[in-house]
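# For reference, the sequence and a predicted model appear below.
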Amino acid sequence: MPKYDKILKPGEEIPEEFRRIVSEHFDEKNIEKLKRFGGRIQVSLTAPYTDRKLQKKTNIVIDEELISQLTISPEETAEILSKMTMKQIKALAQFINFPLASSTTVEQARGQVLSYLFSDETWKKISR
């Protein structure tokens, strides 16, 4: 994901565009230290963002019961898949005998598994 680094030399003031943000998130002691010794302010964008803490709390057992839940509706399946880690998605794909490329991103894997699970439904709609 893209990021921007602003390098500050010792004694250099924090640019105004960063001052408010830095003041909101860091105490004055750290800000003074940054001014005195110099340092780096880094801004990065992460989109889409998945909270790893939420994923790890979700202990998903991959079994026939999960598969029956996943095949109810594409919307519910997308919601469940969005909470799964890549490791869990790979285990799910293996369970349903669906091959995933090792270079597949988590978003691609979610989309591919979702398409695979509802492929019969899709083909039925096409053939009408």
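Sure, I can see it.
# Could you list the buried residues of whichever helix in the chain runs longest?
In the chain, with assignment by DSSP state H, the single longest helix is helix 106-117. Buried residues in helix 106-117, counted by 16 or more other Cβ atoms under 10 Å: Val106, Ala109, Arg110, Gln112, Val113, Leu114, Leu117. Every residue, glycine included, has its C-beta placed from N, CA and C.
# Can you classify Ser23 as helix, strand or coil?
For Ser23, the assignment made with DSSP: H, G, I helix; E, B strand; the rest coil gives helix.
# residues contacting it?
Residues in contact with Ser23 (Cβ atoms under 8 Å, 6 or more residues apart in numbering) are Ile31.
# For Ile31, see how far away it is.
Distance of Ser23 to Ile31, given as Cβ to Cβ, to the nearest Å: 7 Å.
# how would you label the closest residue in space to Phe95 that isn't next to it in sequence: helix, strand or coil?
The spatially closest residue to Phe95, leaving aside those adjacent along the chain, is Ile62, at 5.0 Å (Cβ to Cβ, 6 or more residues apart in numbering). Here Ile62 is recorded as coil under three-state DSSP.
# Tell me how this protein divides into domains.
The chain breaks down by automatic domain parsing into domains covering 3-44, 52-127.
# Can you tell me which of the ones you listed is most buried?
The highest mean neighbour count among these, using mean count of other Cβ atoms under 10 Å, belongs to domain 52-127: a mean of 13.
# that older thread, least confident pick among the buried residues of helix 106-117?
Lowest in pLDDT among the buried residues of helix 106-117 is Leu117, which has 87.
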